[in-house]
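Chemist: Build me a structure from this.
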Amino acid sequence: STTDPRASAAPARATAAGAKARPNVALIVLDTLRADHLGAYGDARALSPAFDRLAAGGTLFERCYAPAPWTVPSHASLFTGLYPTAHGATFEQHRWLDDRFTTLAEALVAAGYRTAGFAANGHVALANLAQGFETYREIAAPYERLALRRILERVGAPARFTDQGAEQGVVEIDRYLRARDARGDEAPLFLFVNLLEPHWRYLPPARARAAHLPDGVGYVEATLFSSGFYGPLWMARTRAPAPRELAALRGLYAAEVAYQDVRLGHIVASIDRHLGPDTLLVVTADHGENLGEAGRFDHVFAINDHLVHVPMLLRGAGVAAGARDDGPCQLVDVPATVADAVGGLALEPGQSGQSLLPGRARPRRLAFVEGDPYYGHLERMSVHAGLEADVARFTARLRAAHDGRFKYLVSSRAAPVLYDTQVDPDETRDVGDAHPDVRDALARALDAWLAAQPAYSIEAHLRAAARNGEARGASDEDATFERLRELGYVE
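Modeler: Numbers count the residues shown, from 1 in each chain. Sure thing, here's the model as predicted:
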């Protein structure tokens with residue numbers, strides 16, 4: 001919608017009595033976090049004690065899927081309940097959420113909530129995903145733009161130089177909540193947090209690196225490697241990684257997961273201290289990361305489960321403790337879940353979500369995923385000698401239907417395939433001929449879902465914006481662009 005994301009004024013508030021009756025809501029997105037690296041999902045390395053404690057105190061959703069493999073479309077779906085085809089914030093058309101869509105933050109503001117967002121990923125603000133937040137702050141590390149940082153990265157610098165915003169987030173979130181307490185503000189709060197530690201450049205603090213790197217690989221060697229790593233070029237087979245490099249890459253990612261988990265624990269402790277344990281806490285991820293499985297790296301050009309199987313847990317506000325739910329769910333279900341817990345929210349019309357609260361019917365028993373080409377990476381890949389003919393294979397539009405085990409994948413550049421993700425987690429073998437009934441049922445479901453999706457039209461958006469005199473602007477855009485350059489999204 002046209003709400004100013006940084007406006008200090010809010011619509012008329014609910015009464016104090018009404019405000020107290022509604023739970024606070026905290027939504028934490030652990031950017032680029034694979035579900036299979038968490039103890040609650042079966043990882044045995046003890047990388048995630050804080051997340052695992054939260055899962056034990058709430059309900060863990062074993063088969064949650066992002067609707068897309070990267071930040072902007074996944075966050076847009078998370079905030080609107082729409083799939084990327086409907087909201088249009090994708091690689092293919094454009095990379096922002098139009099003002100005309102109602103976000104979860106806007107719906108909560110209209111219902112009398114305060115709204116505050118703290119995000120380490122600059123895409124959130126640049127893509128107009130901060131609309132509806134009265135307080136919104138980017139928590140990128142303060143040393144991000146120092147030229148000195150490049151040197152510090154190479155010598156195993158302390159956390160304050162390599163942290164991607166989590167440390168600053170802990171401080172700023174607690175400061176915000178303490179100030180709220182000091183004001184005696186009784187309006188319920190919607191708090192959104194985006195942490196970014198497992199995202200490339202894979203530069204965890206030295207202590208975390210030392211604990212998780214493979215034997216014989218020092219943190220200086222690993223940091224030199226990660227600083228020069230560029231996943232899309234490895235996918236294009238310009239140079240296959242040596243086994244030592246691949247082990248270092250995976251060790252760095254594991255170290256980032258472990259470091260971020262510590263900061264997650266700090267943030268949740270602050271939430272519990274200031275907002276109380278009855279807060280509806282939602283912890284999830286926008287996508288995962290490929291770490292060399294089947295030759296895939298980064299989070300582009302694929303929608304395999306290493307990218308789209310994400311963690312999801314609910315805690316507080318009447319959610320059952322110690323429960324596990326094995327039915328497929330998606331990020332589009334978050335707005336409907338919050339609306340169910342809060343009551344009386346006017347969500348985006350046509351949203352596709354269904355409440356994940358216990359006892360609610362969930363008629364959609366499949367997950368649907370979309371992937372569009374990322375032309376920014378393609379342009380950089382194509383300038384390398386010999387890649388011109390190769391790059392075409394990365395231009396496919398991908399769509400999939402997933403029942404939690406079998407995934408039916410349609411590509412614009414290849415024949416459809418069926419994967420059994422339980423026995424083939426890297427998704428390398430087509431089992432369609434062995435399971436024709438499953439293949440055909442998922443194919444019909446995918447076709448029906450695609451036919452039912454309202455197709456986004458950028459032309460309609462531009463005409464509406466012209467009629468309303470709107471212009472898409474962005475304050476602090478230069479700083480945000482620099483942050484995206486640091487993350488490898490732009491040159």
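Chemist: Which residue would you name as the spatial centre of the protein?
Modeler: residue 286 (1.5 Å; C-alpha atoms, centre = their mean).
Chemist: nearest spatial neighbour of it, skipping sequence neighbours?
Modeler: Of all residues not flanking residue 286 in the chain, residue 74 sits nearest, at 3.9 Å (C-beta to C-beta, 6 or more residues apart in numbering). Glycine gets a C-beta too; all of them are placed from N, C-alpha and C.
Chemist: The one you found against residue 287, yeah?
Modeler: Yes. Counting by C-beta atoms under 8 Å, residue 287 is a contact partner of residue 74 at 5.6 Å.
Chemist: Next, show the common contact partners of these two.
Modeler: 66, 68 (C-beta atoms under 8 Å, 6 or more residues apart in numbering).
Chemist: What ranges in the stretch 251-400 of the chain fall below the confidence cut-off?
Modeler: 375-393 (pLDDT under 70).
Chemist: sorry, that was for the stretch 1-150 of the chain
Modeler: 1-20, 91-93, 141-150.
Chemist: all helices of it, in order?
Modeler: Assigned by DSSP state H, counting those that start in this stretch, the stretch 1-150 of the chain shows helices spanning 16-21, 49-56, 71-80, 84-87, 104-110, 123-126, 148-154.
Chemist: Please identify which of the ones you listed is closest to residue 296.
Modeler: Between residue 296 and the helices of the stretch 1-150 of the chain, the tightest spacing by C-beta to C-beta is seen for helix 71-80, at 17.8 Å.
Chemist: Now do that closest one: which elements does it pack against?
Modeler: Judged by 3 or more C-beta pairs under 8 Å, 6 or more residues apart in numbering; DSSP states H and E, the packing partners of helix 71-80 are strand 25-30, helix 84-87, helix 104-110, helix 123-126, helix 333-342.
Chemist: Is it possible to get CSV of these that adds mean neighbour count and distance to residue 209?
Modeler: Shown next, in CSV, are the helices and strands packed on helix 71-80 (neighbours: other C-beta atoms under 10 Å; distance: least, C-beta to C-beta, whole Å):
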stretch, mean neighbour count, distance to residue 209
strand 25-30, 25, 19
helix 84-87, 23, 35
helix 104-110, 24, 36
helix 123-126, 25, 26
helix 333-342, 24, 33
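Chemist: closest to residue 411 out of those?
Modeler: helix 84-87 (15.8 Å).
Chemist: returning to that earlier point: dump the helices of the stretch 1-150 of the chain into TSV; add distance to residue 194 as well.
Modeler: Below are these laid out as TSV (distance: least, C-beta to C-beta, whole Å):
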stretch	distance to residue 194
helix 16-21	26
helix 49-56	16
helix 71-80	8
helix 84-87	18
helix 104-110	13
helix 123-126	6
helix 148-154	21
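Chemist: out of the ones you listed, nearest to residue 348?
Modeler: Using C-beta to C-beta, the nearest of the helices of the stretch 1-150 of the chain to residue 348 is helix 71-80, at 4.6 Å.
Chemist: doesn't residue 197 make contact with residue 253?
Modeler: No. Contact between residue 253 and residue 197 fails when scored by C-beta under 8 Å: they sit 9.8 Å apart.
Chemist: can you map out the strands along the stretch 151-300 of the chain?
Modeler: 189-195, 280-284, 290-291, 297-298 (DSSP state E, counting those that start in this stretch).
Chemist: okay if I get those as CSV plus mean neighbour count?
Modeler: As requested, these are exported to CSV (neighbours: other C-beta atoms under 10 Å):
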stretch, mean neighbour count
strand 189-195, 26
strand 280-284, 26
strand 290-291, 21
strand 297-298, 24
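Chemist: so can I have a markdown table of those showing distance to residue 337?
Modeler: Below are the strands of the stretch 151-300 of the chain laid out as a markdown table (distance: least, C-beta to C-beta, whole Å):
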| stretch | distance to residue 337 |
| --- | --- |
| strand 189-195 | 13 |
| strand 280-284 | 7 |
| strand 290-291 | 28 |
| strand 297-298 | 30 |
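Chemist: Of all the ones you listed, which one is nearest residue 261?
Modeler: Residue 261 sits nearest to strand 189-195 of all these, at 9.9 Å, using C-beta to C-beta.
Chemist: what are the pairing partners of the closest one, and which direction each?
Modeler: Strand pairing for strand 189-195, using DSSP bridges, gives strand 25-30 (parallel), strand 114-119 (parallel).
Chemist: now those in CSV, with distance to residue 202?
Modeler: Output for the strands paired with strand 189-195, formatted as CSV (distance: least, C-beta to C-beta, whole Å):
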stretch, distance to residue 202
strand 25-30, 15
strand 114-119, 20
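Chemist: what's the closest of the ones you listed to residue 191?
Modeler: The nearest among the strands paired with strand 189-195, by C-beta to C-beta, is strand 25-30 at 4.5 Å.
Chemist: outside of the closest one, which residues touch it?
Modeler: Taking C-beta under 8 Å, 6+ apart as the rule, strand 25-30 contacts 75, 78, 104, 108, 113, 188-195, 198, 260, 264, 267-268, 271, 275, 279-286, 311, 334, 338, 341-342.
Chemist: try it again with 7 Å
Modeler: For strand 25-30, contacts defined as C-beta atoms under 7 Å, 6 or more residues apart in numbering pick out 190-195, 260, 264, 267, 271, 275, 279-286, 334, 338, 342.
Chemist: Output the contacting helices and strands for the longest helix belonging to the chain.
Modeler: If you go by DSSP state H, the chain has its longest helix at helix 243-275. The contact analysis (3 or more C-beta pairs under 7 Å, 6 or more residues apart in numbering; DSSP states H and E) places helix 243-275 against strand 25-30, helix 49-56, helix 166-183, strand 189-195, helix 206-212, helix 219-228, strand 290-291.
Chemist: Can you convert these into JSON lines and add a column each for distance to residue 352?
Modeler: Below are these laid out as JSON lines (distance: least, C-beta to C-beta, whole Å):
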{"stretch": "strand 25-30", "distance to residue 352": "18"}
{"stretch": "helix 49-56", "distance to residue 352": "26"}
{"stretch": "helix 166-183", "distance to residue 352": "30"}
{"stretch": "strand 189-195", "distance to residue 352": "20"}
{"stretch": "helix 206-212", "distance to residue 352": "38"}
{"stretch": "helix 219-228", "distance to residue 352": "37"}
{"stretch": "strand 290-291", "distance to residue 352": "26"}
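Chemist: Out of the ones you listed, name the one with the poorest average pLDDT.
Modeler: Lowest mean pLDDT of the helices and strands packed on helix 243-275: helix 219-228, a mean of 75.
Chemist: thinking again about what came up before, so which of the helices and strands packed on helix 71-80 comes closest to residue 429?
Modeler: It is, among these and with distance given as C-beta to C-beta, helix 84-87, at 27.4 Å.
Chemist: Run the chain-centre distance for that closest one.
Modeler: Its chain's average C-alpha position is 16 Å from that of helix 84-87, according to C-alpha atoms, centre = their mean, to the nearest Å.
Chemist: Ok, stretch 422-440 next?
Modeler: 27 Å.
Chemist: about what we covered before: please say which of residue 253 and residue 197 ends up with more neighbours.
Modeler: residue 197 (31 against 25; other C-beta atoms under 10 Å).
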